[in-house]
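**Q** okay, here's the prediction I keep looking at, along with the sequence it came from:
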Amino acid sequence: MEDYSIFTGKTKTFSVVDYVLFGLTLFISASIGLVYAIIDRKKLSSKEYLLGGRQMSVIPVALSLLVTFLSAITLLGTPAEMYRYTTMFWYLCLSFVFAIVLSVVLFVPFFYKLGITSVFQYLEMRFNKIVRTMAVILFIFPTIIYVSFVLYAPSLAFNAVTGLNIWGSVAAIAAIATIYTALGGMKAVLWTDSFQAVVILAGLLAVLIQGSMLMGGFSNAWEIAANRSRINFHDFDPDPTTRHSFWSIVFGGGFLWLSLYGTTQAQIQRALSCPTPRKAQLAMLINLPGLIFIVSLCCMIGIVMFAFYADCHPLQFNNLIFSTDQLLPLFVMDILSQFQGLPGVFVSCIFSGSLSTYHPP
């Protein structure tokens, strides 16, 4: 226990093995794009490049759909939300059901029958080119802002607790995602996302399992959180100023995720890469339990993290961490640094979240 940051006042840093595993993740992601650039060098059609020739199998499409909006902000922010507030945010999983089922029933068949490669093409078909252009511009600006946060926030958080250079991290993620997307097209994106989904799952499981073991089991961590009023599933207050209530999370979150899965170019383009509408719908449905599982893992990690620091909160220390975004990286370094390589796996997990979200248009 004396070796933890809350006792020493110092954060731990990466070992050589951690840097090697982290670098290997980035290398594999970039290599997938290079491989498909070589394999498909004679296939120059836009359909092949943008939609994988509409011949992609269900599993890689489902895994890609899963990680596209599971950004590093989600992977860092959800455990921090559990730590600082309550488990009401866990109701977000219900919103996934609402959003994805409606997307499967309404939007995927509709866009598939049109035979388009972009949701913006529909606007031109329905209205005119001016409306399409305006929609593209309105889409680009918030996307640039969102991607900026996706790149910068995790880099800033990990710089504080691991020493990774902020701008080096930002540049590495942006460059690698740009390279494999530009070289390999949709096939590279889907297979790289599939690889990153495995890395994300491995990183989250490593943290949850080791954290639960240190706390004497997850049930014990749950009990500690419950005794300190962190377990709450009964806030049905209709007041819109309430931070998180059942109504705002399930219905507000539901319509947000419906917009992401039903009308966002990133998700629709992935779904349209399947050979038939039925397979596109199946990919969406397979993605659903995976999305619920990953978010639930993040929520469980937040509960374990709260129990671990219940008697000595890191944010109360001077010069240890400065924001809640740094809680999870600090926790990871505290509980996993004794296993060389595992912190590197988890950082790879977080940066995989950034890579899977940052795909330049």
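**A** Alright, I've got the coordinates.

**Q** what stretches of the stretch 51-200 of the chain score poorly on pLDDT?
**A** Along the stretch 51-200 of the chain, the model assigns pLDDT under 70 to residues 160-162.

**Q** where along it do the helices fall?
**A** 58-68, 72-84, 92-102, 108-114, 119-126, 129-162, 166-214 (DSSP state H, counting those that start in this stretch).

**Q** got it, and the stretch 201-350 of the chain?
**A** 218-227, 246-247, 253-263, 265-271, 277-308, 327-336, 342-357.

**Q** rank those by mean pLDDT and give me the bottom one.
**A** Looking at the helices of the stretch 201-350 of the chain, the lowest mean pLDDT belongs to helix 342-357 (a mean of 79).

**Q** residue contacts, Ser245?
**A** Met88, Asp235, Phe236, Asp237, Pro238, Asp239 (C-beta atoms under 8 Å, 6 or more residues apart in numbering). Backbone N, C-alpha and C define where each C-beta goes, glycine included.

**Q** Asp239 versus the residue lying closest to the second one once chain neighbours are set aside, what's the distance?
**A** Of all residues beyond its chain neighbours, the one nearest Asp235 is Ser245 (4.8 Å), with distances taken as C-beta to C-beta, 6 or more residues apart in numbering. Applying C-beta to C-beta, to the nearest Å, the value for Ser245 to Asp239 is 7 Å.

**Q** and Thr117, by the same measure?
**A** From Thr117 to Asp239 the distance is 44 Å (C-beta to C-beta).

**Q** picking up where we left off before, show me which of the contacts of Ser245 is closest to Tyr19.
**A** Met88 (38.1 Å; C-beta to C-beta).

**Q** touching, the closest one and Ser248? I think so.
**A** No - taking contacts as C-beta atoms under 8 Å, Met88 lies outside contact range of Ser248: 9.0 Å.

**Q** in contact with the closest residue in space to Leu291 that isn't next to it in sequence, which residues are there?
**A** Excluding the flanking residues, the one nearest Leu291 by C-beta to C-beta, 6+ apart is Phe96, at 5.2 Å. For Phe96, the residues meeting the contact criterion (C-beta under 8 Å, 6+ apart) are Trp257, Leu288, Leu291, Ile292, Val295.

**Q** how many residues are close by the fourth one?
**A** Same thing as Ile292. Counted by other C-beta atoms under 10 Å, the residues lying close to Ile292 total 16.

**Q** use 688 as the first number from now on
**A** Will do, 688 is the new start, and the previous item becomes Ile979.

**Q** residue contacts, it?
**A** Ile979 sits next to Cys780, Phe783, Val784 when contact means C-beta under 8 Å, 6+ apart.

**Q** go on, the first one?
**A** In this structure, Trp944 makes contact with Ser782, Phe783, Phe785, Ala786, Ile787, judged by C-beta under 8 Å, 6+ apart.

**Q** how about a cut-off of 6 Å?
**A** Residues counted as contacts of Trp944 (C-beta atoms under 6 Å, 6 or more residues apart in numbering) are Ser782, Ala786.

**Q** also the last one?
**A** When the contact criterion is C-beta under 6 Å, 6+ apart, the partners of Val982 are Cys780.

**Q** where's it relative to Gly764, distance?
**A** 11 Å.

**Q** same question for the second one.
**A** In this structure, Leu975 and Gly764 are separated by 21 Å, where distance is defined by C-beta to C-beta.

**Q** swap in Met971?
**A** Relative to Gly764, and taking C-beta to C-beta, Met971 is found at 24 Å.

**Q** of those two, who's got more company?
**A** Between Met971 and Gly764, Met971 has the larger neighbour count (other C-beta under 10 Å), namely 27 against 20.

**Q** isn't Ser751 up against Thr879?
**A** No - in this structure, Ser751 is not within contact of Thr879 by C-beta atoms under 6 Å, at 8.4 Å.

**Q** shared neighbours of those two, anything?
**A** Joint contacts of Ser751 and Thr879 (C-beta under 6 Å, 6+ apart) do not exist.

**Q** thought Ser758 was touching Leu1042?
**A** No - here Ser758 lies out of contact with Leu1042, judged by C-beta under 6 Å, at a distance of 9.7 Å.
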